[in-house]
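Novice: Got a predicted model here, sequence first, then my questions.
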Amino acid sequence: MPTHSPRASCGTGRVLPLSFYSQPTIEVARALLGKLLVHETAEGCVSGYMVETEAYLQGDPASHAVLRAGGRWVAKMTERNRQMFGPPGHAYVYFIYGNHYCLNVVTREEGVAEAVLIRAVEPAEGIDLMRRRRGIAPASPANELRQQNAATRADRNLTNGPGKLTQAFAIDMTHNGADLTARPLRVEVGRQIPAGSILASPRIGIKAASENPWRFLVARSPWLSRP
DNA sequence: ACATCGATCTACT
DNA sequence: GTAGATCGATGTA
């Protein structure tokens, strides 16, 4: 019996209801912290607790649904941002910098272009599969026994960034528009994060509207893209 | 049709 | 700490 036979399913099956995603987007961004992201593929199942998110709002100059045209910011639906206008509880996935995919959770009712970017998760299940997908060497047998859920230093690089976690979870454009209350990609209730452990900061890597503190994180989590 | 640039990551200094 | 990779969506012509 292989010690690391990939599990076909994981998580608990306690899926968050669609109504969760109809709350104001900033509420959703905070409430997603601690929720469990689960992805089942033929290779196996991986899951992780969200520890870092960012809110993108209607009319927000940093949003993909707002474009610079003729020297002005204009809200506009395009081929890329179409899913942001779609129904809540679905995925908006985009390709960036010629290399990476990023996963968003669409919020608010259809027609309102708001979403939450998932920037980092704490690996929970399928860690060995994540390592293979990320090209990170497995932990030594000694470490493996000693650590179980704890991470090696290298394992911090599995999912501590929006492009890294999509690679570890094998999320790509085929998941654009996916229903996040169903297989293969879903969000479950996960664990409770005390309100006092949630911090807000400016969002990362944007130019416009860079002062809005709409990045949310679990304080002192080792799994953040940055503190 | 073409030029620009990005909600990033990695490698290297 | 910073440069380079890398390519599709977008805007302008």
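Specialist: Here it is on my side, so go on.
Novice: Now do the helices in chain A.
Specialist: A:25-31, A:127-134, A:141-147, A:162-169 (DSSP state H).
Novice: Does the first one reach DNA strand B?
Specialist: No: for helix A:25-31, no contact with DNA strand B is found by C-beta under 7 Å from any atom of the strand; the gap never falls below 10.7 Å. C-beta here means a position set from N, CA and C on the backbone, and glycine is covered the same way.
Novice: what sits up against that helix?
Specialist: A:20-21, A:23, A:53-57, A:105, A:107-108, A:114-116, A:198, A:214, A:216 (C-beta atoms under 8 Å, 6 or more residues apart in numbering).
Novice: same question, the last one
Specialist: Surrounding helix A:162-169, the residues in contact under the criterion C-beta under 8 Å, 6+ apart are A:37, A:39, A:46, A:48, A:93, A:96-97, A:99-103, A:117-121, A:123, A:130, A:133-134, A:157-159, A:171-172, A:225.
Novice: what separates A:Glu109 from DNA strand C, distance-wise?
Specialist: 21 Å (C-beta to the nearest atom of the strand, to the nearest Å).
Novice: What about the nearest residue to A:Pro184 once chain neighbours are set aside, how many residues nearby?
Specialist: Of all residues not flanking A:Pro184 in the chain, A:Glu40 sits nearest, at 4.6 Å (C-beta to C-beta, 6 or more residues apart in numbering). When neighbours are counted by other C-beta atoms under 10 Å, A:Glu40 registers 19.
Novice: Same question for A:Ile136.
Specialist: A:Ile136, neighbours per other C-beta under 10 Å, totals 17.
Novice: can you check A:Glu114 too?
Specialist: Neighbour tally, A:Glu114, other C-beta under 10 Å: 27.
Novice: before we move on, what about A:Leu185?
Specialist: A:Leu185: 23 neighbours (other C-beta under 10 Å).
Novice: Could you check how far it is from A:Tyr21?
Specialist: 14 Å (C-beta to C-beta, to the nearest Å).
Novice: same check, this time on A:Arg80
Specialist: Taking C-beta to C-beta, one finds A:Arg80 at 21 Å from A:Tyr21.
Novice: Which secondary structure element of chain A has the lowest mean pLDDT?
Specialist: helix A:141-147 (a mean of 55; mean pLDDT, DSSP states H and E).
Novice: list the buried ones in stretch A:99-119?
Specialist: Residues A:101-108, A:112-119 are the ones in stretch A:99-119 that count as buried (16 or more other C-beta atoms under 10 Å).
Novice: near DNA strand B, which of those show up?
Specialist: Among the buried residues of stretch A:99-119, DNA strand B is touched by A:Cys102, A:Asn104, A:Ala115, A:Leu117, A:Arg119 when using C-beta under 7 Å from any atom of the strand.
Novice: In CSV: those residues, plus pLDDT and distance to DNA strand C.
Specialist: Putting those into CSV (pLDDT from 0 to 100; distance: C-beta to the nearest atom of the strand, whole Å) gives the following:
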residue, pLDDT, distance to DNA strand C
A:Cys102, 98, 13
A:Asn104, 98, 14
A:Ala115, 98, 14
A:Leu117, 98, 16
A:Arg119, 98, 17
